[in-house]
Every structure is written in structure tokens, then in C-alpha cells.
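S.K.: I'll drop the sequence and a predicted model, then ask my questions.
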Amino acid sequence: MEVNTWASRHTNDLIKDLLPPGSVKSLTNWIYGNALYFKGAWEKEFDKSMTKDKPFHLLNDKQVSVPFMTSYKSQFIEAYDGFKVLRLPYRQGRDDTNRKFSMYLYLPDKKGELDNHLERMTSTPGFLDSHIPKYRVDVGDFRIPKFKIEFGFEASSVFNDVFELKVSLYQKALIEIDEEGTEAAAATAFVVCLTGSCAFEPEKIDFVADHPFLFLIREDKMGTVLFAGQIFDPSKASSALDQP
């Protein structure tokens, strides 16, 4: 399908089969799509030889063994009431000196507090701008897991106008971090057709629990969030990922 080929080409082949079989019918009127691709190298890369498997504690009190990256270099970390924030800057590109990107990790002090933290984050105006570590500090035990997560969903709604139309939304996103940096992509397609010609069954979304933390990929100059997600178990490829 031409749309799937377009999405794959514009996301460096990370997003494939954006539109599943049967999503486009003979009566389909329009398809609108957009894609986002991001690849960034850490400002200070992690030493691969220092990556070691360590236990990661799950919400059900069990644990899994996952590879953790570590470093003895100073980091942008700040402690707040009930959580800590880590900022990992990406290397600035030579072609654009005005933009600078970072990944932010929000780690609650207690493993069962992610929902409370997420509610606080989304309900407090200016939360992101007021919780940015500005200074590097020395670190003691510093470890973050490598992870790769994927997320996809589809939804539909019917609009009654001159014609009765059904609009179906398909979105897929993927993000992976390792010692060198981050690669992330997202693609979205809107399929518009006459009601009754675009029946489908919603995709099932699988994810597993971990000692949860949130992450963002953000452009620091304008404050634009490119990707946001929750990590529940870095040993799995399924999690919750949103592309704002």
C-alpha cells in the first residue's frame, strides 16, 4: 500500500504496516498522514563495557533482569518532593545551532506512585518548565535501563454532515535508547470514508509493569515535547508511548 510505503520511508523503516489490511475500502474518500522521525546521540555517550544486567523490580514484587547503562560522569539531576528528574542532553547538530534536544526521566521515589505523579504533571500548569535540572551534580549509584517500546492504536468516529462519514485514526510509534543515543519514530493516518464501508476491530494494546517512570523527548528552546511515555518493564518491547 502506498501510504504504508510512504510512512516506512519517512521513519527510516521503523514504522511499518501503519494501515492494516482492510482499512482502505473502495469508497475511501481521503487519507491524511504525517510522520515524525528522531535520531539523537547523547552529548556524553555511555560506555558499552559498563552495561550490566541488574534486577528491575516490578509492581507485583517480582523482578526481571535487564541491561542497565551506567556512568561515573556528573549528570543533570534534581530531587523534588516525591520524585527525581534526570535530563540527558543530546548532541547538538551542526546544521541547526538554535535547537537543542534532551530526554527527561521522571522517577517517583516510590514504585507505586506513577499514577499520582502523572496526574500531578498533567494538572499543574507549567510543570515541565518548572522541573528542569539546570546543573550537573556528582552521582553515586547511577543506572538507567536500555529499552525499546512500541505502541499502536486505532479509533474511529462518525460525523453527520452533508454526508455521513466515518473517520478512522491509525497511529504507530516506536522508541529505543541505548548507549549511543535514541531513535524514535511515529506515524499517523486518518482514513475518511462513507459510513458502513470501514468496519474494523480495534487493536489490542499489550504492556507490562515495571518500577515505573515517565520519559519525554523535548526540544529545550521552544519546550516542544516530541515523544512522551511510561516505562513499566524495560525487558519487554511493549509499553505506553504517546506522540503529542
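M.R.: Perfect, thanks for sending it. Please read all numbers here as calculations on a predicted model, not as lab measurements. Numbering: from 1, shown residues only.

S.K.: who touches residue 184 in this structure?
M.R.: Contacts for residue 184 (CB atoms under 8 Å, 6 or more residues apart in numbering) come out as 14, 36, 37, 38, 39, 173, 174, 175, 176, 217, 226, 227. To be clear about C-beta, it is placed using only N, CA and C from the backbone, and glycine gets the same treatment.

S.K.: would you list those in CSV and tack on secondary structure?
M.R.: CSV is the format used below for the contacts of residue 184 (DSSP: H, G, I helix; E, B strand; the rest coil):
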residue, secondary structure
14, coil
36, strand
37, strand
38, strand
39, strand
173, strand
174, strand
175, strand
176, strand
217, strand
226, strand
227, strand
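
S.K.: So which of those wins on neighbours?
M.R.: residue 175 (27 neighbours; other CB atoms under 10 Å).

S.K.: ok so, going back, return the closest of the contacts of residue 184 with respect to residue 50.
M.R.: Closest approach to residue 50 among these (CB to CB): residue 176, at 19.0 Å.

S.K.: bridging residues for the closest one?
M.R.: Beta-bridge partners for residue 176, by DSSP bridges, are residue 148, residue 183.

S.K.: How about residue 143?
M.R.: With DSSP bridges as the rule, residue 143 is bridged to residue 70.

S.K.: Redo the contacts of residue 184 as a markdown table? Include pLDDT.
M.R.: Formatted as a markdown table, the contacts of residue 184 follow (pLDDT from 0 to 100):
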| residue | pLDDT |
| --- | --- |
| 14 | 74 |
| 36 | 78 |
| 37 | 79 |
| 38 | 83 |
| 39 | 86 |
| 173 | 79 |
| 174 | 80 |
| 175 | 83 |
| 176 | 86 |
| 217 | 84 |
| 226 | 83 |
| 227 | 81 |
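
S.K.: got those as JSON lines, with distance to residue 107 columns?
M.R.: Converted to JSON lines, these look like this (distance: CB to CB, whole Å):
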{"residue": "14", "distance to residue 107": "27"}
{"residue": "36", "distance to residue 107": "26"}
{"residue": "37", "distance to residue 107": "27"}
{"residue": "38", "distance to residue 107": "22"}
{"residue": "39", "distance to residue 107": "25"}
{"residue": "173", "distance to residue 107": "22"}
{"residue": "174", "distance to residue 107": "23"}
{"residue": "175", "distance to residue 107": "17"}
{"residue": "176", "distance to residue 107": "20"}
{"residue": "217", "distance to residue 107": "16"}
{"residue": "226", "distance to residue 107": "20"}
{"residue": "227", "distance to residue 107": "18"}
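
S.K.: Sweet, I'm off.
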